[in-house]
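> Give me the fold of what follows.
(chains A and B)
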Amino acid sequence: MRRPPQPRPSSTPIDPAFVARVRGDLLRFARLQLGSDDEAEDAVQEALAAALRNGDQFRGEAALKTWVIAILKNKIADLLRQRRRRPLGASEMAAEADGGALPALFDERGMWREAARPAAWEDPEAGLHSDQFLAIFDACLNRLPAQQGQVFMMREVVELATDEICDELGLTSGNIHVILHRARLALRACLQHHWFAEEVR
Amino acid sequence: MMLNCHDTTFLMSQRRERDLSFSERMKLRLHAGMCRHCANFERQLPLLGEAAKRLAAQEDDHGV
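Numbers count the residues shown, from 1 in each chain, chains lettered A, B, ... in the order given. Modelled structure (predicted):
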């Protein structure tokens, strides 16, 4: 659907500072999904360029940002689909999933190591309303191996079902279960260490 | 047979993606009933998904 090319002098020009600000957010988002800095750069660049081409149709930066994110999500989905058709992707990605070793949080009998034991958390719900808590959670998320972060976000934020994630990434459901378990163990441990432990003091 | 903590938390995690079998549920309850660390883990699991959603929502309207 094409609009007639009309000059729209009434619309506000796009503020470069806004673009710079949004760019950082988009990059982090793309990096999590794609697990690759270069691909994330390219996707964000293309999404921004596409959005700014029609940017003057948007009233206000909020609408524009929503639009850029929508374009970026499409780009990421395309890239993930292309990857799946590339034969070596699957073996690359499965490597992490089938490592038979127990995560370091457990001893050789599969019991919690003392330092890793999940403690009771005081008022965990309160954290959800705190920007500081979310910033720590964000940092924990960024410390995950790329694939774990990607699968965790696909599952918990995009709310894809296991078999959809399998299709997208060329992994088995067994792989996905292992990856999600590891991601959750690591996130929980990171939060306990950096948020809930601090609180006790 | 008793599950260890690793296998118990693995089942707890999978429960967010699939229905567990009857025997899996029994083994899980048996272990979690005696191990408060795993019981804590189970209680904290939903918070991780919740936090991820909040974070994504925050990024959607941040910087506006």
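> Can you get me a residue count around residue B:54?
The local packing of residue B:54 (other CB atoms under 10 Å in any protein chain shown) involves 19 other residues. (C-beta placed from N, C-alpha, C; glycine too.)
> Work out for me the element it sits within.
helix B:36-61 (DSSP states H and E).
> what pLDDT, on average, does that helix get?
pLDDT averaged over helix B:36-61 equals 90, rounded to a whole number.
> Any residue of it touching chain A?
Yes: residues of helix B:36-61 contacting chain A under CB under 8 Å from any CB of the partner chain: B:36-38, B:40-41, B:43-45, B:47-56, B:58-61.
> Chain neighbours aside, what residue packs nearest to whichever residue of chain B sits closest to chain A?
The nearest approach of chain B to chain A comes at residue B:4, 3.2 Å away (CB to the nearest CB). Nearest residue to residue B:4, sequence neighbours excluded (CB to CB, 6 or more residues apart in numbering or on different chains): residue A:110, at 3.2 Å.
> And what about the one you found, helix, strand or coil?
What DSSP: H, G, I helix; E, B strand; the rest coil gives for residue A:110 is coil.
> Count the residues that sit near it.
Residues within reach of residue A:110, counting by other CB under 10 Å, total 16.
> Kindly report the same for residue A:118.
When counting by other CB under 10 Å, one arrives at 24 neighbours for residue A:118.
> can you pull the pLDDT of it?
95.
> you'd agree it is in a strand?
No: remark: residue A:118 does not belong to a strand; assigned using three-state DSSP, it is coil.
> show me what contacts residue 36?
As the question left the chain open, I've gone with chain A. The neighbours of residue A:36, taking CB atoms under 8 Å, 6 or more residues apart in numbering or on different chains as the test, are residue A:146.
> That was the other one, I meant chain B.
Counting by CB under 8 Å, 6+ apart, residue B:36 has contacts residue A:120.
> let's go with 10 Å and repeat that
When the contact criterion is CB atoms under 10 Å, 6 or more residues apart in numbering or on different chains, the partners of residue B:36 are A:117-120.
> In a markdown table, list these along with distance to residue A:190.
A markdown table is the format used below for the contacts of residue B:36 (distance: CB to CB, whole Å):
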| residue | distance to residue A:190 |
| --- | --- |
| A:117 | 15 |
| A:118 | 12 |
| A:119 | 14 |
| A:120 | 17 |
